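**Student:** I need the structure of the sequence given here:
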Amino acid sequence: MPDASDLHSSAPPPQRRRWMAVLAKASVTELERAWASLQDRPGYRFLRPPECGLALVRGRIGGSGDPFNLGEMTLTRCAVVLDTDGATGFGYVAGRDARHAELAAAFDALMQCATRADAASAIDALGAAQRARRREAAQAAAATKVEFFTLARE
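**Tutor:** Just a heads-up that it's a prediction; the model follows:
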């Protein structure tokens, strides 16, 4: 049985978690644009072609209570290997978009190459756009906030 240090060492680094989240939340149109903007797009082959399936979604009561099975959601996964250096990339996205999972896997593989600053800047731009959209949505919701107060009657 592996000890705690073995389990902890297999966790992805925080930077990879960040770019995988950005890739999963980006639209396929944004990823296509980012892919087209790369200076030299490497070839890749599938380790696992895009495939759709179901994943069990778990929730917690109040965010910290006992876990429960909320339901299932569709997801698509893909794994690719770059022809140039053999870097392996994985893509997991919500829904049934095979191209989205493929592009996410290709970008994940590129991000593991230290020489691909163009891929890193493309992902940074996608992340900035996502943060801007979240800010706009939060501002729109805040504009509809209503403050209620009552006066005590005696």
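
**Student:** Quick check: which helices or strands does the helix or strand hosting Trp19 pack against?
**Tutor:** Element membership of Trp19, judged by DSSP states H and E, is helix 14-25. In terms of contacts (3 or more Cβ pairs under 8 Å, 6 or more residues apart in numbering; DSSP states H and E), helix 14-25 is packed against strand 88-94, helix 98-111, helix 117-143. Heads up, the C-betas are built off the backbone N, CA and C, glycines and all.

**Student:** Give the buried residues for it.
**Tutor:** Buried residues in helix 14-25, counting neighbours by 16 or more other Cβ atoms under 10 Å, are found at Trp19, Met20, Val22, Leu23, Lys25.

**Student:** go on, stretch 35-45?
**Tutor:** Within stretch 35-45, the residues scored as buried using 16+ other Cβ under 10 Å are Trp35, Leu38, Pro42, Tyr44.

**Student:** distance between the ends of it?
**Tutor:** Taking Cα to Cα, to the nearest Å, stretch 35-45 runs 16 Å from one end to the other.

**Student:** again, but for stretch 113-120
**Tutor:** In stretch 113-120, first residue to last residue: 10 Å (Cα to Cα).

**Student:** Show me the contact partners of that stretch.
**Tutor:** Applying Cβ atoms under 8 Å, 6 or more residues apart in numbering, the external contacts of stretch 113-120 come out as Ser37, Leu38, Gln39, Leu82, Thr84, Asp85, Ala87, Phe107, Leu110, Met111.
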